[in-house]
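1. Let me see the structure of the following:
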Amino acid sequence: FFFQAEDGIRDRDVTGVQTWLFRSGPYATQRLGDLGADVIKVESRDGDNIRHSAPMKHHGMGHIFLHLNRNKRSLVLDLKQPAGHAAMLKLCATADVLIYNVRPQAMARLKLTYDDLKAVNPKIIYVGAYGFSQDGPYAAKPAYDDLIQGMVALPSIIKDAGGDRPRYVPSTVADRITGLNAVNAVTTALFYRERTGHGQAVEVTMFECLSEFVLGEHMGGKTFEPPVAPMGYPRLLTPHRNPYQTQDGYLCLLIYNDKQWRNFFRLIGREDMFESDPRYSSQATRSQHFDACYAFVAEHLKTRTSAEWLKALTEADIPVMPLKSLEDLLADPHLNETGFFSMVEHPRSEEHTSE
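-> Residues are numbered from 1 along each chain as shown. Take a look at the predicted model:
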């Protein structure tokens, strides 16, 4: 349905009109563009800060910017000037969706609120991707991926799981998870409009999106009232939940169900252990002894090479994969065979050859 409208879906992306806050909006519109939406990215004269993040081949064309803004058209408008504001309203008059990535207070100062745009296009879907719900005390606070990760306890639980200190996840997970939620919101709002004829304003906030993402696993015993155990999902918090060291490297494996545990004990010559040691005999008991289970596997993985274990575990139908580097990922045979990567020449690259 999403892209079967008579003229296609038009998406106005104003994620670069003010101070760059985070990448939720650009990621959401990148995904919509990949699906076929006609996305126009509106930027200020200075452009997004992410344009200038090295490495880059040409000025203003940083590597992350190129990834986030594929399949988009670009337009520069000074929305503080009457002509720029009028041009934006003209664009929105024929748009299906507007996604903005700044705090609502900034959109109000620019006279680009939902009511402003609804006046020129009653069916527009107006999506704000920003830090916090406007109904709470954090409403006006700025938001960055690192701040949101900290507020939803990700660095804390990394330390709880055996880290030497609190660490951020080395990926902009807050931005991207929020962006995917924004895509879901857009598609749902489009479906609603198809059924009812009504547009709407939608709020997609980083803090709330990531709070649900983390607490869905880590509410733990506080899922119940009164609580029956501490917060946290023990399987994810055990310090032994790491790539397992072998004689010559590391492997990633997960022995999860009864069949896989039986097969592992068979591999190490301890078939009796599944029945004789209650810690391993069922999902219920293993979930109470994750530290012991993972530590047991870790000790045995050290006794053979990665190649030996890969062969043995694969033949035993135990899920296992090698630990890869970023360079390994780029050269991955599966991704290359499926056409995941493609070489694209930027249409304006020749204009910058002297830079």
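2. before we move on, what SS does residue 99 have?
-> Secondary structure, DSSP: H, G, I helix; E, B strand; the rest coil: residue 99 is strand.
3. ok, it to residue 293 distance?
-> 45 Å (CB to CB, to the nearest Å). Glycine gets a C-beta too; all of them are placed from N, C-alpha and C.
4. any idea of the mean pLDDT in stretch 178-194?
-> The pLDDT scores in stretch 178-194 average 96.
5. wait, stretch 232-248
-> 95.
6. show me the contacts for residue 329.
-> residue 335 (CB atoms under 8 Å, 6 or more residues apart in numbering).
7. Secondary structure element for it, which one?
-> Element membership for residue 329, per DSSP states H and E: helix 326-330.
8. next helix or strand past that helix?
-> In N-to-C order, the element after helix 326-330 by DSSP H and E is helix 333-337.
9. Next one: residue 248 relative to residue 45, how far apart?
-> Distance from residue 248 to residue 45, by CB to CB: 55 Å.
10. Now do the longest helix seen in the chain: distance to the chain's middle.
-> Longest helix in the chain, counting residues (DSSP state H): helix 173-196. How far helix 173-196 lies from its chain's middle: 14 Å, per CA atoms, centre = their mean, to the nearest Å.
11. What residues sit buried inside that helix?
-> 173-183, 185-187, 189-190, 193 (16 or more other CB atoms under 10 Å).
12. same deal with stretch 25-39?
-> Buried, per 16+ other CB under 10 Å, within stretch 25-39: 25, 26, 27, 28, 29, 30, 31, 32, 33, 37, 38, 39.
13. One more: stretch 219-237?
-> Quick answer for stretch 219-237 (16+ other CB under 10 Å): 220, 232, 233, 234, 235, 237.
14. residue contacts, the first one?
-> Residue 220 makes contact with 229, 230, 231, 232, 233, 234 under the criterion CB under 8 Å, 6+ apart.
15. same thing but 6 Å
-> Contact partners of residue 220, counting by CB atoms under 6 Å, 6 or more residues apart in numbering, are 229, 231, 232.
16. mind putting those residues in JSON lines, distance to residue 299 and secondary structure included?
-> Shown next, in JSON lines, are the contacts of residue 220 (distance: CB to CB, whole Å; DSSP: H, G, I helix; E, B strand; the rest coil):
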{"residue": "229", "distance to residue 299": "27", "secondary structure": "coil"}
{"residue": "231", "distance to residue 299": "29", "secondary structure": "coil"}
{"residue": "232", "distance to residue 299": "25", "secondary structure": "coil"}
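17. ok, these vs residue 55, which is closest?
-> Here the nearest of the contacts of residue 220 to residue 55, counting by CB to CB, is residue 232; it sits at 38.5 Å.
18. doesn't residue 218 make contact with that closest one?
-> Yes - counting by CB atoms under 6 Å, residue 218 is a contact partner of residue 232 at 5.2 Å.
19. Which strand or helix spans residue 66?
-> For residue 66, the host element (DSSP H and E) is helix 63-68.
20. Packing partners of the helix or strand just after that helix?
-> Next helix or strand after helix 63-68 toward the C-terminus (DSSP H and E): strand 72-76. Applying 3 or more CB pairs under 6 Å, 6 or more residues apart in numbering; DSSP states H and E, we find strand 72-76 packed against strand 38-43.
21. between residue 99 and residue 293, which one's more packed in?
-> residue 99 (30 against 20; other CB atoms under 10 Å).
22. so what's the more buried one bridging to?
-> residue 13, residue 127 (DSSP bridges).
23. Please list all residues in contact with it.
-> 13, 25, 28, 29, 127.
24. The helix or strand hosting the fourth one vs strand 72-76, what angle?
-> Using DSSP H and E, the secondary-structure element containing residue 29 is helix 24-34. In this structure, helix 24-34 runs at an angle of 130 degrees to strand 72-76, with axes from the mean of the first three to the mean of the last three CA atoms, to 10 degrees as the basis.
25. CA atoms only: put helix 24-34 into PDB for me.
-> In PDB, the C-alpha atoms belonging to helix 24-34 read as follows (Å, rounded to 0.1, in the frame of the first residue of the first chain):
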ATOM      1  CA  SER A  24      16.700   9.800  13.900                       C
ATOM      2  CA  GLY A  25      15.000  12.000  11.300                       C
ATOM      3  CA  PRO A  26      17.700  11.500   8.500                       C
ATOM      4  CA  TYR A  27      17.800   7.800   9.200                       C
ATOM      5  CA  ALA A  28      14.000   7.600   9.000                       C
ATOM      6  CA  THR A  29      13.800   9.400   5.700                       C
ATOM      7  CA  GLN A  30      16.700   7.400   4.400                       C
ATOM      8  CA  ARG A  31      14.700   4.300   5.000                       C
ATOM      9  CA  LEU A  32      11.600   5.800   3.500                       C
ATOM     10  CA  GLY A  33      13.700   6.800   0.400                       C
ATOM     11  CA  ASP A  34      15.000   3.300   0.100                       C
END
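26. sorry, back to before: go through the contacts of residue 99 and name the one nearest residue 312.
-> Among these, and counting by CB to CB, the member closest to residue 312 is residue 28, at 43.8 Å.
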